[in-house]
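>>> sequence? don't have it. structure:
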């Protein structure tokens, strides 16, 4: 399966999880989609991805000086931990934000 198909598959799983009321699983799928796109983006930049973990790649991407502040904020949101009530400490739609990240890093990615 190519990276684009993998990204879209993760977004489909994220939407299905959200429709079932499983926001935690939706967040996981959104992060995985972002991780796949980040690996492709880094590879296209001639950078060997430092990890296969989407979480690690998002943290790595946050340090990219070429990345816009908006994309850094999205990467930050995608790495936030939930609180005791399993809620994010900010209001964010991680599926939409992950799509924005993917489409900005690699146009037509998702």
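Structure received. Please read these numbers as outputs of a predicted model, since none were measured by experiment.
>>> C-alpha from now on. contacts and neighbour counts both.
Fine.
>>> Could you pull up the residues touching the residue nearest in space to the middle of the chain?
Most central in the chain under CA atoms, centre = their mean is residue 34, positioned 2.7 Å from the mean C-alpha point. Contacts for residue 34 (CA atoms under 8 Å, 6 or more residues apart in numbering) come out as 7, 54, 58, 98-99, 101-102.
>>> Let me know the secondary structure of residue 50.
At residue 50 the chain is in coil, as set by DSSP: H, G, I helix; E, B strand; the rest coil.
>>> what's it in contact with, if anything?
When contacts are counted by CA under 8 Å, 6+ apart, residue 50 touches residue 57.
>>> Start the count at 31 instead of 1 going forward.
Sure, I'll start numbering at 31, so the last one becomes residue 80.
>>> same question for the lengthiest helix in the chain, mean pLDDT?
Of all the segments of type helix in the chain, defined by DSSP state H, the longest one is helix 53-74. Averaged across helix 53-74, pLDDT comes to 94.
>>> quick one: buried residues of that helix?
53-72 (16 or more other CA atoms under 10 Å).
>>> wait, which of the contacts of residue 64 is closest to residue 122?
For the contacts of residue 64, the closest approach to residue 122 (CA to CA) belongs to residue 128, at 10.5 Å.
>>> any idea how far residue 60 is from that closest one?
6 Å (CA to CA, to the nearest Å).
>>> Could you find the closest non-adjacent residue to residue 58?
residue 44 (7.7 Å; CA to CA, 6 or more residues apart in numbering).
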